[in-house]
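>>> Pasting a predicted model and its sequence here:
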Amino acid sequence: MYHKEDMLASNREIEYDFLRIAACFFVIVLHTSAHYVNLMDSVPASFFTLCDWQVGNLYETVSRCSVPLFVMISGAFMLDSSRELTRKKIFVKAKKIVILYFFWAAIYFVFTQVGKMLTGGGAVVELQHFF
């Protein structure tokens with residue numbers, strides 16, 4: 001457990017911790033509100049489902065800032081004036097991110113195609129979802 005004296009002595013910027021907590025909360029809200037937004041596709045329209053959709057859409061819209069918030073917090077630490085940031089370092093980090101993206105996109109693609117075959121949906125190649 002951290003004590004107040006330890007926090008002050010470590011020069012930790014607690015504002016970023018609060019932003020991370022808010023971003024985590026927004027991610028949870030975003031994922032839970034998706035049910036209400038997708039509800040209109042499967043249920044006949046009525047007043048109650050329309051209200052559920054509007055509230056879910058409001059929550060989803062407000063919580064869309066979660067991922068950009070995480071990116072901005074990461075950028076705030078990358079652009080620290082005490083660290084030297086060169087084009088080569090940026091290129092190396094970007095290269096790693098692109099490689100990881102395509103690796104996990106390929107894994108996800110394989111799992112979705114196998115899932116479609118197992119459920120009888122057939123293997124439909126939908127590469128446009130990855131880009």
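Nice, thanks for sending it over. Numbering: from 1, shown residues only.

>>> Compute the number of surrounding residues for Phe26.
Phe26: 19 surrounding residues under other CB atoms under 10 Å. C-beta: built from backbone N, CA, C; applies to glycine.

>>> So which elements touch the helix or strand where it lies?
Phe26 is located in helix 14-42, with elements delineated by DSSP states H and E. Packed against helix 14-42 by the contact rule (3 or more CB pairs under 8 Å, 6 or more residues apart in numbering; DSSP states H and E) you find helix 47-62, helix 66-78.

>>> Now do the longest one: distance to the chain's middle.
This means helix 47-62. Here helix 47-62 is found 20 Å from its chain centre; the criterion is CA atoms, centre = their mean, to the nearest Å.

>>> Quick one: low-confidence residue ranges for this protein.
1-9, 39, 41, 43-49, 80, 121-131 (pLDDT under 70).

>>> run the last query once more with 50
Across the chain, residues meeting the criterion (pLDDT under 50) sit at 128.

>>> pull the longest helix from it.
If you go by DSSP state H, the chain has its longest helix at helix 87-118.

>>> Please compute how far that one lies from its chain's middle.
Distance, centroid of helix 87-118 to centroid of chain: 15 Å (CA atoms, centre = their mean).

>>> got it, and stretch 67-75?
On CA atoms, centre = their mean, the centre of stretch 67-75 falls 10 Å from that of its chain.

>>> got a list of contacts for it?
The contact list for stretch 67-75, computed with CB atoms under 8 Å, 6 or more residues apart in numbering, reads 16, 19-20, 22-23, 26-27.

>>> go again using 10 Å as the cut-off
Outside stretch 67-75, the residues that touch it by CB atoms under 10 Å, 6 or more residues apart in numbering are 15-17, 19-20, 22-24, 26-27, 30, 65.
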